[in-house]
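Undergrad: Turn this into a model:
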Amino acid sequence: MALAIYYRLINQAQRITSELPFDKVVYYSEFVDTEDSWDNSIYDKRQQVDRDLGARMDLAIREQFDEGFDKVVLIGTDIYELTSSIIKQAFMALDNSDVVLGPAKDGGYYLIGMKNADSSIFDITAWSTHSVFDETLKNLKRT
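TA: Numbering: from 1, shown residues only. Model prediction:
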């Protein structure tokens, strides 16, 4: 059952992102699988670093800015309600904001977009808890 849910979430993430007019990168936690269902012609595939979630997100975002992008939106692949429209809105919101967040019901967030990399945003006491979104907002106010 858990594997079926995982595949359903992956298929949803692929469906909503494949046609978006943005460069797309998939980050893998264990190893980069070039033979999986993420189309190699649509998605660049990269390896995550072996650290906490905040460090992985920070480095992924920094890597994209280092490659010359002026806006980066990072999403999780486990949010079934996420739509391509929400992702497009996040990119558009970055025209007027330095950071955008999509708050999740569990106290975290399902999307973060930035115009500049800032590691302090990811300085969170404990990831995957109900306080992640609030801690992130506090970190944003300090920057």
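Undergrad: From here on, just use CA atoms for contacts and neighbour counts.
TA: Will do.
Undergrad: hey, where'd the strands end up in this structure?
TA: 24-28, 43-47, 72-75, 99-103, 109-114 (DSSP state E).
Undergrad: Give the buried residues for the top helix by length along the chain.
TA: Selection of the longest helix in the chain by residue count, based on DSSP state H, yields helix 2-17. Under the neighbour-count criterion of 16 or more other CA atoms under 10 Å, helix 2-17 has 9, 10, 12, 13, 14, 16, 17 buried.
Undergrad: Can you add pLDDT and distance to residue 47 and give those back as JSON lines?
TA: Shown next, in JSON lines, are the buried residues of helix 2-17 (pLDDT from 0 to 100; distance: CA to CA, whole Å):
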{"residue": "9", "pLDDT": "94", "distance to residue 47": "20"}
{"residue": "10", "pLDDT": "94", "distance to residue 47": "17"}
{"residue": "12", "pLDDT": "96", "distance to residue 47": "21"}
{"residue": "13", "pLDDT": "97", "distance to residue 47": "18"}
{"residue": "14", "pLDDT": "97", "distance to residue 47": "18"}
{"residue": "16", "pLDDT": "97", "distance to residue 47": "22"}
{"residue": "17", "pLDDT": "98", "distance to residue 47": "19"}
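Undergrad: rewinding a little: return the longest helix of the chain as PDB; C-alpha atoms alone will do.
TA: Only the C-alpha atoms of helix 2-17 are listed here, as PDB (Å, rounded to 0.1, in the frame of the first residue of the first chain):
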ATOM      1  CA  ALA A   2       2.800   2.500   0.900                       C
ATOM      2  CA  LEU A   3       4.600   1.800  -2.400                       C
ATOM      3  CA  ALA A   4       1.300   2.400  -4.300                       C
ATOM      4  CA  ILE A   5       0.900   5.800  -2.600                       C
ATOM      5  CA  TYR A   6       4.500   6.700  -3.300                       C
ATOM      6  CA  TYR A   7       4.100   5.900  -7.000                       C
ATOM      7  CA  ARG A   8       0.800   7.800  -7.200                       C
ATOM      8  CA  LEU A   9       2.600  10.900  -5.600                       C
ATOM      9  CA  ILE A  10       5.500  10.600  -8.000                       C
ATOM     10  CA  ASN A  11       3.200  10.300 -11.000                       C
ATOM     11  CA  GLN A  12       1.300  13.400  -9.800                       C
ATOM     12  CA  ALA A  13       4.500  15.400  -9.500                       C
ATOM     13  CA  GLN A  14       5.600  14.400 -13.000                       C
ATOM     14  CA  ARG A  15       2.200  15.200 -14.400                       C
ATOM     15  CA  ILE A  16       2.100  18.700 -13.000                       C
ATOM     16  CA  THR A  17       5.700  19.600 -13.700                       C
END
